[in-house]
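> With the input below, show me the fold.
(2 chains)
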There are 2 protein chains.
Amino acid sequence: MTPENEFEPVFHPRSIAVVGASNDITKFGGRTYASLKARRYQGRLYAVNPSVTEVGGDRAYARIWDIPEPVDMAIVVVAAPHVVRTLADCAEKGVRAVQILTAGFRESGSEEGARWEEQIAKIAKESGIRIVGPNCFGIYSPESALTVLPGPDFPSESGPVGLLAQSGGLTSFLVRRAMGLGIRFSKAVSYGNACDLNETDFLAYFGDDDRTRMVAAYIEGVRDGRRLFEVARSTSLRKPVFVWKGGLTELGSRAVASHTASLGGSQQIWQGFLRQTGVIPVVGIDEMIDLMVGFRHLPDFRGRRVSVVSGGGAITVAACDELDPAGLSLPEFSSRTQETIRALLPASGNTVGNPLDTGPPVFLLPTVKPILDAVAASDRIDAVIVQHEVGSHSPDFVEAAAQVIPSVREASAKPFLVTMPAPTTSSDAMEVERVRRQYREWYLERGIPVFDTLHRAVRALGAIIRYNEFLARHGSRRSF
Amino acid sequence: MTPENEFEPVFHPRSIAVVGASNDITKFGGRTYASLKARRYQGRLYAVNPSVTEVGGDRAYARIWDIPEPVDMAIVVVAAPHVVRTLADCAEKGVRAVQILTAGFRESGSEEGARWEEQIAKIAKESGIRIVGPNCFGIYSPESALTVLPGPDFPSESGPVGLLAQSGGLTSFLVRRAMGLGIRFSKAVSYGNACDLNETDFLAYFGDDDRTRMVAAYIEGVRDGRRLFEVARSTSLRKPVFVWKGGLTELGSRAVASHTASLGGSQQIWQGFLRQTGVIPVVGIDEMIDLMVGFRHLPDFRGRRVSVVSGGGAITVAACDELDPAGLSLPEFSSRTQETIRALLPASGNTVGNPLDTGPPVFLLPTVKPILDAVAASDRIDAVIVQHEVGSHSPDFVEAAAQVIPSVREASAKPFLVTMPAPTTSSDAMEVERVRRQYREWYLERGIPVFDTLHRAVRALGAIIRYNEFLARHGSRRSF
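Below you'll find the predicted structure:
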């Protein structure tokens, strides 16, 4: 395992040189330099570019060894044919970590690209420089003002998720999606071709990092399966690790080769890996985000006895079809609870069962508060899932409705989950969507996880329960 | 099979009495009456309510047989204990079709509810009245200004989709979601407990209806499996039928009982049904909507050789992992096409493969137009899937970008599909979401289907291909 201090210059460099820095912010070198300045990077920052005298008003150095002070990290954005030479300069300068954003190496399929990548790896090995990339968007490390290429607007606060993804586009897409759901990151790493630091190195780092409470990974290829197995297992015993594995089909594996020059691997090997390591498999962006939200708000979820409350029966039926395979149960209410609820329901058309259908499809929350109180008070129920459908209502109504679930939840001390499908799709119905997002933010700020659909809520809960069972089977517990 | 003319008073009544009409528009009877007036129902409309003298400025009749003229359809919203008597009145009056929106019958689990429902069914049988419901939201028939309970704002134009759903909430949710995607309906029926007209009756109607070009169904319970099988098979041979079957698990089946008093059925029976009838299984709202969009724009899709073009590799890898099981292939480009494309790509970091990664994750469309031209011109490719990621751009850019795919598609005459994931989630980033929806509307108006994710696009394409193969195997063709 890579000792943690080796990662200091990778994640918290005291000085950075951008090699290929530019005044043109449509270029990688322009964007990278400008965003370090805009994010108020606290260390010393240097621009390296032989063609200009200054970048963003700062002096530009022709080569990295022209810089008079030590350089912890270089961010390399020069064209592929110049990268090997740049790296040799970095070694000579005593740089400790390098992010190579440039592409055009092994993944290009060209002989010279592959040769360059070998030379880079060789220099890294001989000099002890740790390399992220090539062919990546680099590192988002909020504490140190580092950010991935398309992420100048990423939050400056840290959070519980450690993200490693072989794809740069996916890294920035995930962080951006998660932002609006209140999810923050300890670090996010796009590591591309992984010619030096690879998936296992970053996983080990996140495993040892106390600020990282869960690890989300998108992995295309595995370099050292044995070591990944060991690290994944020991990390999983301390914190949840969920992995989206790309390239498990023949076509996918071909795409993996041209994306990050990796080997995709087979479905069977992967299944065995999951069974033995406790790693949670995910597929796709939505599931990844849902697990971040779920593990953030309900890390200890074990309560299998849930109640589903919704206005409208079909969605409830669908939920039950999902609950069953996820191992959740829907106990019937005691006759006393049933009586209490019956007295609160409109005269006709509603059934006092679990799932509980409260009637109108647009959920008039203030009127159902006492019903939710009764459900939450039942000692047969561990957790409550409420389908909140958003309609066009007055601001007063919206504000009153937003209080209902938080106040019921506070009184009952039972976990609540909210599902909130998007009711509109057209560009002239933005207000309903804005209100939906606002409700979601209110809930999330109060520790109530929100999912787009019941299907997704139940899928996330199932994964959390299975993970907690894995921990219990091994007499282990999360390290936070 | 029910002869089509029996459905005339159900879908196109020449006169309607709302029994239980009210001046209070928060009540079912108020909402129903007001929305028929607002939608400018062209037949004669009567309010029936013994407690008031007028409704919405119109005379109110105490009982239905006080109405001096014939009544084609009654919409019944009185409380459950009064429904049997109301129906007897309708029979005496010679009413031909009745929608019973009231709930509190078999689904309530009460003995008297079940007894009332039996009595209703008996009156229907003896009098020849056709009944929709009870416990439903009724019928949306745009041609005749009828609409389901929560749908006063539904479009007045008709379209190709016939929708039948046992759930009222789901019916209105689906129509509303589909609205913004340019999908219109021939009819949509929420049929609740189905004490008379049931899933098979409506499926048969849609099968024979030339304006219905595809049938979407949400079914909880099946009354006459043999007849459903025959009708489903004969309909599937003429137009696509896709069915979401609720209640296939034990829990789901319990929920179905309390929702619409139906029997859920088993997974095995259902699998056999699908295999033999050509009915397309769907699960969930998203998949249902995607098939409406897919069949609307690409009903003949057979081209298995696709190209996936995106800026960002991970999403492409994910797509390939989906394409493989869906039976789609990603042929390599000819060396000539590769050369053309290579000359158009930025100097480094991109691979001329298929899937084709054009580089930046926010897709700068105008710059990739010539690349798309080259892809579409390849005789190895039947269809092109483009991942269009939406960012913050100027209105000028947005307008120029929206032209690119339509113009490439027009020149090449090959089908294009667009995938467009939602990049933001927060309530203060609504503008990006509005622009995304606007792009989507532009594409849809030009016959280019749009899906939220590649996963969903590929899933829909797979279903369309399998359906077209089913038709071919049986020497059949769609009836439109």
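
> Residue A:32 contacts residue A:75, doesn't it?
Yes - taking contact to mean Cβ atoms under 8 Å, the distance of 5.7 Å between residue A:32 and residue A:75 places them in contact. For glycine as for every other residue, the C-beta is placed from the backbone atoms N, C-alpha and C.

> Spit out the residues that contact these two alike.
Common contacts of residue A:32 and residue A:75 (Cβ atoms under 8 Å, 6 or more residues apart in numbering or on different chains): A:18, A:101, A:138.

> Closest to residue B:446 out of these?
When the shared contacts of residue A:32 and residue A:75 are compared for distance to residue B:446, the smallest value, 36.6 Å, is given by residue A:101; criterion: Cβ to Cβ.

> Could you report the pLDDT at the closest one?
On pLDDT, residue A:101 comes in at 95.

> Please work out how many residues are found near it.
Neighbour count of residue A:101, defined by other Cβ atoms under 10 Å in any protein chain shown: 28.

> for residue A:394, same thing?
By other Cβ under 10 Å, 8 other residues sit near residue A:394.

> wait, isn't residue A:241 in contact with residue A:280?
Yes - using Cβ under 8 Å, residue A:241 makes contact with residue A:280 at a distance of 6.8 Å.

> Packing partners of the helix or strand of chain A with the lowest mean pLDDT?
Every helix and strand in chain A was compared by mean pLDDT, DSSP states H and E; the lowest is helix A:250-260, with a mean of 72. Other elements packing on helix A:250-260 under the criterion 3 or more Cβ pairs under 8 Å, 6 or more residues apart in numbering or on different chains; DSSP states H and E are helix B:313-326.

> average model confidence for the helix it packs on?
The predicted model gives helix B:313-326 an average pLDDT of 75.

> likewise stretch A:139-148?
In this model, stretch A:139-148 carries a mean pLDDT of 94.

> start to end distance for that stretch?
Stretch A:139-148 has an end-to-end distance of 5 Å (criterion: Cα to Cα, to the nearest Å).

> in it, what counts as buried?
A:139, A:140, A:141, A:142, A:144, A:145, A:146, A:147, A:148 (16 or more other Cβ atoms under 10 Å in any protein chain shown).

> who touches that stretch?
Looking at what lies outside stretch A:139-148 - Cβ under 8 Å, 6+ apart - the contacts are A:10-13, A:35-36, A:39-43, A:99, A:132, A:137-138, A:151, A:154-158, A:168, A:171-172, A:175, A:184-185, A:187-190.

> circling back to that earlier point, pick the one among the shared contacts of residue A:32 and residue A:75 closest to chain B.
For the shared contacts of residue A:32 and residue A:75, the residue nearest chain B by Cβ to the nearest Cβ is residue A:101; the value is 8.8 Å.

> Quick check, the closest one in contact with residue A:133.
Yes - in this structure, residue A:101 is within contact of residue A:133 by Cβ under 8 Å, at 6.3 Å.

> Leaving out chain neighbours, which residue sits closest to residue A:133?
Here the nearest residue to residue A:133 in space, its sequence neighbours aside, is residue A:100; by Cβ to Cβ, 6 or more residues apart in numbering or on different chains that works out to 3.7 Å.

> The one you found: what's it in contact with?
Taking Cβ under 8 Å, 6+ apart, one finds A:76, A:83, A:87, A:120, A:131, A:132, A:133, A:134, A:135, A:136, A:192 in contact with residue A:100.

> Which members of those residues occur in helices, if any?
Of the contacts of residue A:100, the ones assigned to helices by DSSP state H are A:83, A:87, A:120.

> count of neighbours near the last one?
Residues near residue A:120, counting by other Cβ under 10 Å, number 26.

> where's it relative to residue A:272, distance?
Computed with Cβ to Cβ, to the nearest Å, the distance linking residue A:120 and residue A:272 is 33 Å.

> Helix or strand for the closest residue to chain B within the stretch 1-150 of chain A, just tell me which one.
Checking the stretch 1-150 of chain A residue by residue against chain B with Cβ to the nearest Cβ singles out residue A:103 as nearest, at 2.7 Å. In this structure, residue A:103 sits in neither a helix nor a strand according to DSSP states H and E.

> Would you format the buried residues of stretch A:139-148 as a markdown table with secondary structure included?
A markdown table is the format used below for those (DSSP: H, G, I helix; E, B strand; the rest coil):
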| residue | secondary structure |
| --- | --- |
| A:139 | strand |
| A:140 | strand |
| A:141 | strand |
| A:142 | helix |
| A:144 | helix |
| A:145 | coil |
| A:146 | strand |
| A:147 | coil |
| A:148 | coil |
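
> Among the contacts of stretch A:139-148, which are located in strands?
For the contacts of stretch A:139-148, membership in strands holds for A:99, A:132, A:138, A:185, A:187, A:188, A:189, A:190, with DSSP state E as the criterion.

> hmm, which two among these are most spread apart?
Greatest spacing in these, by Cβ to Cβ: A:99 and A:185 (16.8 Å).

> which of those two has more neighbours?
The residue with more neighbours, out of residue A:99 and residue A:185, is residue A:99; 32 against 27, by other Cβ under 10 Å.

> Would you tell me whether the longest helix seen in chain A gets close to chain B?
Secondary structure of chain A per DSSP H: the longest helix is helix A:454-473. Yes - using Cβ under 8 Å from any Cβ of the partner chain as the criterion, contacts between helix A:454-473 and chain B involve residue A:455.

> the inter-axis angle of that helix versus helix A:313-326?
For helix A:454-473 and helix A:313-326, the angle between their directions (axes from the mean of the first three to the mean of the last three Cα atoms, to 10 degrees) works out to 20 degrees.
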